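A.B. asks: Okay, here's the prediction I keep looking at, along with the sequence it came from:
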Amino acid sequence: MAAPEEPELSQAQTEKLLQFQDLTGLESMDQCRRTLEQHNWNIEAAVQDRLNEQEGVPSVFNPPPSRPLQVNTADHRVYSYIVSRPQPRGLIGWSYYLIMLPFRFTYYTLLDIFRFALRFVRPDPRGRVTDPVGDVVSFIHSFEEKYGQSHPVFYQGTYSQALNDAKRELRYLLVYLHGEDHQDTDQFCRSTLCTEEVVTFLNTQMLFWACSTSKPEGYRVSQALRENTYPFLAMIMLKDRKMTVVGRLEGLIQPEDFINQLTFIMDANQTHLMSERMEREERSQTQVLRQQQDEAYLASLRADQEKDRKKREEEEQLRQEEEKVRQTALAEERRLRTLEEEKERKSECLPPEPSADDPESVKIVFKLPNDTRVERRFLFGQSLTVIYDFLFSLKESPEKFQIITNFPRRVLPCLPTEEQPNPPTLKEAGLSRSEVLFVQDLTDD
């Protein structure tokens, strides 16, 4: 039986899948999808669970057997530093400790029982994160109201956004989980976190993200990082292309010791950060080189395309010129053929030449532009158009011409015009029985 096909992902789920793969470095898309589906497509919780697995903490879907939390000194991948509460000193101190011990035990036992029973009545509201940015901003405001404005610069965004920025900028990310009910929280904030040397150190060396575990966003990060006690801080950095917890600080730690421990963690992992920076620089240089190669290729391609375009334009221009010459030659051939046919038609339509002894005959000698002479007789009563048609029918005659008398010099109106639609006869034009007329070429005009 064939396995059922997995449902198609929506656009939002696809974007989360790609973002989760980029943050965790997992190559298998199936594994990324299974992890996100296990966390109901909550990318922040999925990323934290994956980070826990990388640092040796079992996944929330594969919890370890219940046992007291201890510092894992055999795990060299994560540096852990826990400050225990000081033991009572002297008779008065031990007496006070022994007297308060039953009350403390009873108080915390009843508190745990109450919280455990409350879970069956009302689910923990921190389990649903609806406004992670609002949770962080609310914590910052409450922190400033209680401890003042002199504090490290808090990252005002979600935990996932802080991870992304630290990864992009190749910076350390220090995560602080604020346990409001813990007895050491107030002293840590006043005497350590808000001191001038700690503020200066954190602001210049790393990103600082903090949230209260009473807020859904802080509680979710707390479930991911699995702190032992408060105050709790975790140092996270990009290591082996993954955002990894490289240091954990727990307990009431003094300012000088706090700075020394963070400096130690940074020094111990500086090589990894430098390696990531060099690798990113190499990738950047490779990308720049590839981009330059692509730009050079595109420039060469554009140059070749421009050459081809110019070549095509030149060929097209040459083809058009050749076609123009061919069409011109055809037009000239048609024109000459039409002209020849017109000459033949004019020649056929000419009246017969009169005899020399005809008293109405006129002998005319025509001098053509090529210095040849043509002689013919016409009648006084014939129109000047007959003279023009006779000259037009001659092969030696130009295409356009006019007939001029020598003395007095005048142009004979051989063709009809608007003012004179019927040209005059030879007699009306004042020609004698013997004339010499000149043919003037007007073709160029």
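C.D. replies: Good, I have the coordinates.

A.B. asks: So which residues of the stretch 201-350 of the chain form strands?
C.D. replies: Taking DSSP state E, counting those that start in this stretch as the criterion, the stretch 201-350 of the chain carries its strands at 206-212, 232-239, 242-251.

A.B. asks: Find the residue at the geometric middle of this protein.
C.D. replies: residue 291 (14.0 Å; C-alpha atoms, centre = their mean).

A.B. asks: ok, how many other residues are close to the nearest residue to residue 385 once chain neighbours are set aside?
C.D. replies: The shortest distance from residue 385 to any non-neighbouring residue, by C-beta to C-beta, 6 or more residues apart in numbering, is to residue 423 (5.2 Å). C-beta: built from backbone N, CA, C; applies to glycine. Residue 423 has 19 neighbours, counted by other C-beta atoms under 10 Å.

A.B. asks: ok, the residue nearest to the centre of the chain to residue 306 distance?
C.D. replies: 22 Å (C-beta to C-beta, to the nearest Å).

A.B. asks: repeat for residue 253
C.D. replies: Taken as C-beta to C-beta, the span from residue 253 to residue 306 is 69 Å.

A.B. asks: just residue 216 next, same as before
C.D. replies: Residue 216 is 62 Å from residue 306, by C-beta to C-beta.

A.B. asks: Which one of these two is surrounded by more residues?
C.D. replies: Legend: neighbour count by other C-beta under 10 Å for residue 216 and residue 306, higher for residue 216 (20 against 10).

A.B. asks: Touching, that one and residue 130? I think so.
C.D. replies: Yes - if you go by C-beta atoms under 8 Å, residue 216 and residue 130 touch, sitting 7.1 Å apart.

A.B. asks: Check whether residue 376 sits in a helix, strand or coil.
C.D. replies: strand (DSSP: H, G, I helix; E, B strand; the rest coil).

A.B. asks: Show me the shaky parts of this protein.
C.D. replies: Filtered on pLDDT under 70, the chain yields the residue ranges 1-7, 51-77, 84-101, 103-105, 107-108, 110-129, 445.

A.B. asks: do that again at 50, thanks
C.D. replies: Along the chain, segments meeting pLDDT under 50 span 1-4, 57-58, 60, 62-76.

A.B. asks: What are the boundaries of the helices in the stretch 101-250 of the chain?
C.D. replies: 132-147, 159-169, 185-188, 196-205, 216-225 (DSSP state H, counting those that start in this stretch).

A.B. asks: Just name whatever secondary elements the longest one is in contact with.
C.D. replies: Using 3 or more C-beta pairs under 8 Å, 6 or more residues apart in numbering; DSSP states H and E, the elements in contact with helix 132-147 are strand 206-212, helix 216-225.

A.B. asks: can you tell which of those is closest to residue 410?
C.D. replies: For the helices and strands packed on helix 132-147, the distance to residue 410 is smallest for strand 206-212, at 109.3 Å, taking C-beta to C-beta.

A.B. asks: what does that closest one rub up against?
C.D. replies: Here strand 206-212 makes contact (C-beta atoms under 8 Å, 6 or more residues apart in numbering) with 135-136, 139-140, 142-143, 152-155, 157, 159, 162, 165-166, 169, 171-180, 202, 217-218, 221, 235, 262.

A.B. asks: max-length helix in this protein?
C.D. replies: Longest helix in the chain by number of residues (criterion: DSSP state H): helix 270-349.

A.B. asks: Next, the angle strand 242-251 makes with that helix.
C.D. replies: Counting by axes from the mean of the first three to the mean of the last three C-alpha atoms, to 10 degrees, helix 270-349 points 150 degrees away from the direction of strand 242-251.

A.B. asks: Tell me what angle helix 270-349 forms with helix 159-169.
C.D. replies: With the same axes, to 10 degrees applied, the angle from helix 270-349 to helix 159-169 works out at 80 degrees.

A.B. asks: Determine the number of other residues adjacent to residue 176.
C.D. replies: Neighbour count for residue 176, taken as other C-beta under 10 Å: 23.

A.B. asks: distance of it from residue 195?
C.D. replies: Taking C-beta to C-beta, one finds residue 176 at 14 Å from residue 195.

A.B. asks: re the thing from before, so how do I select the buried members of the contacts of strand 206-212 in ChimeraX?
C.D. replies: Buried members of these, defined by 16 or more other C-beta atoms under 10 Å, are picked up in ChimeraX with:
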select :135,136,139,140,143,152,154,155,157,159,162,166,172,173,174,175,176,177,178,179,202,217,218,221,235,262
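
A.B. asks: Flag every buried residue along stretch 395-408.
C.D. replies: 397-398, 401-403, 405.

A.B. asks: whoops, stretch 341-356 was the one
C.D. replies: Result for stretch 341-356 [16+ other C-beta under 10 Å]: buried residues 343, 346, 354.

A.B. asks: which residue lies farthest from the center of this structure?
C.D. replies: residue 357 (102.0 Å).

A.B. asks: Mind checking what secondary structure that residue has?
C.D. replies: coil.

A.B. asks: Quick check: it vs residue 313, distance?
C.D. replies: 73 Å.

A.B. asks: Same check on residue 157?
C.D. replies: For residue 157 relative to residue 313 (C-beta to C-beta), the value is 58 Å.

A.B. asks: and what of residue 375?
C.D. replies: Using C-beta to C-beta, residue 375 is found at 59 Å from residue 313.

A.B. asks: Just confirm residue 162 contacts residue 173, I think it does.
C.D. replies: Yes - the pair residue 162 / residue 173 is scored as a contact, 5.8 Å apart, by C-beta under 8 Å.

A.B. asks: what about residue 324, neighbour count?
C.D. replies: 10.

A.B. asks: Repeat that for residue 332.
C.D. replies: 10.

A.B. asks: Over to residue 197?
C.D. replies: 12.

A.B. asks: and what of residue 255?
C.D. replies: 18.

A.B. asks: what's near enough to touch it?
C.D. replies: Counted by C-beta under 8 Å, 6+ apart, residue 255 has contacts 191-192, 195, 197-198.

A.B. asks: try residue 181
C.D. replies: Residue 181 neighbours (C-beta under 8 Å, 6+ apart): none.
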